[in-house]
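1. generate coordinates for the sequence data below:
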Amino acid sequence: MSKLSKDQFDSDKFHTLYKMYADKMAQDGAPDIVINTFKEHFAHFLSNEESYLTEDRICPVLPDDIPSMDDLQKYGDSGRAALHKTAIIKLNGGLGTSMGLEGPKSFLPVKEGRTFLDLILKQMELLRIEHDASLPLLLMNSFWTDKATRERLANERNGDPNIPMTFVQHRYPRIRKDDLTPLSWEQTPELEWNPPGHGDIFTALLTSGLLRLLLLHGYRYVFVSNSDNLGAIFNADLLGYMVKENVPFLMEVCQRTVQDRKGGHLARLGGIDGLLGLREVAQCAPEDMDCFQDIDKYSFFNTNSIWLDLKAVEQAFLHYRQFSLQLIVNPKRAVPGDPNSPEVFQLETAMGAALSLFKGAQAVVVPRSRFSPVKTISDLMLTMSDCFEVTECNSVVCADWRKLPKINLDPTVYSTVESFFSRFPDGVPSMGNCTQLTVRGDVVFPREVILDGTVEVVNKSRQQLILPPGKNLSGKFAVA
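-> Have a look, this model is predicted:
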């Protein structure tokens with residue numbers, strides 16, 4: 001069954017369908033604001049309306065339009081003075097299913113045997129000591145990650161005992177593609193639901209009571225970033241700029257490269273003096289794709305690290321009643337990895353889309369070292385390698401991201417974290433002087449191996465190839 005046509009949209013069909021979802025969410029304990037937000041998204045989804053941001057509706061953001069973090073050092077003292085009003089939020093809802101993970105992605109060991117969460121907790125400990133500030137940490141979990149994360153944190157203490165270390169984002173019913181009804185999956189009822197994307201952070205802060213609690217205890221500012229981006233660490237210059245210039249919403253952006261051209265970009269909405277906003281690939285009309293991918297015209301992308309003034313968030317709820325963010329429709333299978341299970345749609349939003357809802361919102365250009373997410377097995381290999389190092393403040397950065405090697409691992413062999421670790425049993429080889437690594441076939445790498453320049457390892461045999469230890473690999477190494 002396709003989505004409803006425009007002349008069907010206001011029919012009884014829509015209202016009958018929506019009631020099924022509203023009843024399901026109410027029985028699940030969803031607050032009214034969440035059900036109403038879902039209704040808006042569901043109506044937009046069913047209406048079949050295109051919501052393109054065409055070239056005539058946006059303008060590029062020029063380099064001189066937004067500040068660079070390098071030019072904000074004069075705000076450092078203001079940032080340090082506001083530390084006692086600041087909290088840190090990490091987005092911790094992901095399972096990393098695309099990498100074959102079943103538990104929280106933040107439990108994945110990424111550096112010297114330490115997990116994302118281990119490194120984050122150490123970052124917070126060092127920041128509190130350095131600045132003599134409470135700096136509470138909050139992890140926004142999904143229903144998939146909450147129980148395991150709370151168990152992991154059972155013996156941890158927050159910087160402020162009045163502030164809980166976790167809160168849970170809401171969940172939306174998944175939509176069957178064939179008849180548009182809510183998915184029913186008795187074998188695993190949790191599969192009937194999906195986290196609604198990190199755009200839910202604003203509503204989750206409100207309905208959990210944390211928005212009010214943080215303000216009540218004097219925390220006006222929060223820094224939000226992905227738990228898998230270990231380069232996103234607190235910075236006093238950025239906080240000071242936000243405080244001194246009274247910025248309600250500050251988005252960290254990076255310069256786009258050729259590798260980033262297919263991802264979303266920053267733009268001005270409505271004209272050269274318009275509000276800042278984002279255009280994602282799903283919002284780009286086919287005829288505008290060349291402009292969309294023009295990294296000289298649209299030069300910046302969202303790192304998904306943002307700074308929020310909680311008083312401005314509170315005022316936004318009073319003004320808008322609910323956050324209406326750009327809808328993302330994510331097609332999936334009911335059971336991940338099972339092509340025979342029903343096709344479903346997930347309705348989601350991204351928190352960066354709120355940029356255009358805040359008058360006075362700004363973006364700031366940050367160095368690429370503040371953006372090092374781990375989304376793929378290749379990203380994991382790079383982060384584990386000697387291309388990245390753990391700094392004194394426990395962030396994980398590379399000396400020069402422009403020199404990072406390009407990695408192409410055989411997807412039929414290195415498709416999951418388990419399959420990757422089993423072929424790198426002693427860790428990742430030295431890659432400091434490697435420019436490109438291509439692996440085809442089943443190959444095991446001892447730790448003592450050094451990769452130099454362009455390396456191609458090809459194993460065409462049916463037997464697993466175990467490279468000899470202590471070997472310096474350069475050029476092509478093939479086994480028939």
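2. element containing Met124?
-> With elements delineated by DSSP states H and E, Met124 resides in helix 116-131, which encompasses its position.
3. distance between that helix and the chain's centre?
-> Using Cα atoms, centre = their mean, to the nearest Å, the distance from the centre of helix 116-131 to the centre of the chain it belongs to is 20 Å.
4. got a list of contacts for that helix?
-> Under the contact criterion Cβ atoms under 8 Å, 6 or more residues apart in numbering, helix 116-131 has outside partners 80, 83, 88, 90, 92, 104-108, 110-111, 114, 133-135, 137, 149, 152, 156, 159, 227-228, 230, 233-234, 236, 374, 390, 392-396. Every C-beta, even on glycine, is put in place using the N, C-alpha and C of the backbone.
5. rerun that using 6 Å as the cut-off
-> Helix 116-131 is contacted from outside by 83, 106, 110, 135, 137, 159, 227-228, 230, 233-234, 393-394, using Cβ atoms under 6 Å, 6 or more residues apart in numbering.
6. so which of those residues wins on neighbours?
-> For the contacts of helix 116-131, neighbours were counted by other Cβ atoms under 10 Å; the highest total belongs to Ser227, with 29 neighbours.
7. name the element Val253 belongs to?
-> When secondary structure is defined using DSSP H and E, the element that contains Val253 is strand 249-255.
8. likewise Lys19?
-> Using DSSP H and E, the secondary-structure element containing Lys19 is helix 12-27.
9. for that helix, list every residue counted as buried.
-> Applying a neighbour-count criterion of 16 or more other Cβ atoms under 10 Å, one finds Phe14, Leu17, Tyr18, Tyr21, Ala22, Lys24, Met25 buried in helix 12-27.
10. quick one, phi/psi of the residue nearest to the fifth one when sequence neighbours are not counted?
-> Closest residue to Ala22 in three dimensions, ignoring its sequence neighbours and counting by Cβ to Cβ, 6 or more residues apart in numbering: Ile35, at 5.5 Å. Geometry field for Ile35 lists phi and psi as phi -60, psi -40, criterion degrees, to the nearest 10.
11. same question for the one 4 residues further on.
-> For Lys39, the backbone dihedrals (degrees, to the nearest 10) come out as phi -60, psi -40.
12. thinking again about what came up before, what is the subsequent helix or strand relative to the helix holding Met124?
-> Elements were assigned by DSSP H and E; along the chain past helix 116-131, the next helix or strand is strand 137-141.
13. what's the distance between that next one and the middle of its chain?
-> Its chain's C-alpha centre and that of strand 137-141 lie 14 Å apart, by Cα atoms, centre = their mean.
14. tell me the helices and strands packed up against that strand.
-> When contacts are defined as 3 or more Cβ pairs under 6 Å, 6 or more residues apart in numbering; DSSP states H and E, strand 137-141 packs onto strand 86-92, strand 166-168.
15. partners of the shortest one, with directions?
-> Next to strand 166-168 in the sheet, as set by DSSP bridges, lie strand 137-141 (parallel).
16. point out where the chain drops to low pLDDT.
-> Applying pLDDT under 70 to the chain flags residues 1-11, 50, 480.
17. check contacts around the spatially most central residue of it.
-> With distances taken as Cα atoms, centre = their mean, the residue of the chain nearest its centroid is Asn226 (5.0 Å). Neighbour list for Asn226: Leu91, Asn304, Pro373 [criterion: Cβ under 6 Å, 6+ apart].
18. just the buried residues from these, in PyMOL please.
-> Selecting only the buried entries of these in PyMOL, with 16+ other Cβ under 10 Å as the criterion:
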select buried, resi 91+304+373
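19. from the contacts of Asn226, pick the one nearest Pro63.
-> The shortest approach to Pro63 among those belongs to Asn304, at 21.1 Å (Cβ to Cβ).
20. element containing that closest one?
-> For Asn304, the enclosing helix or strand under DSSP H and E is strand 300-309.
21. what do you get for Cys434?
-> strand 430-440.
22. how near is the nearest residue to Ile175 once chain neighbours are set aside to Thr207?
-> The spatial neighbour of Ile175 that comes closest, neighbours along the chain excluded (Cβ to Cβ, 6+ apart), is Phe345 at 4.3 Å. Using Cβ to Cβ, to the nearest Å, one obtains 24 Å as the distance from Phe345 to Thr207.
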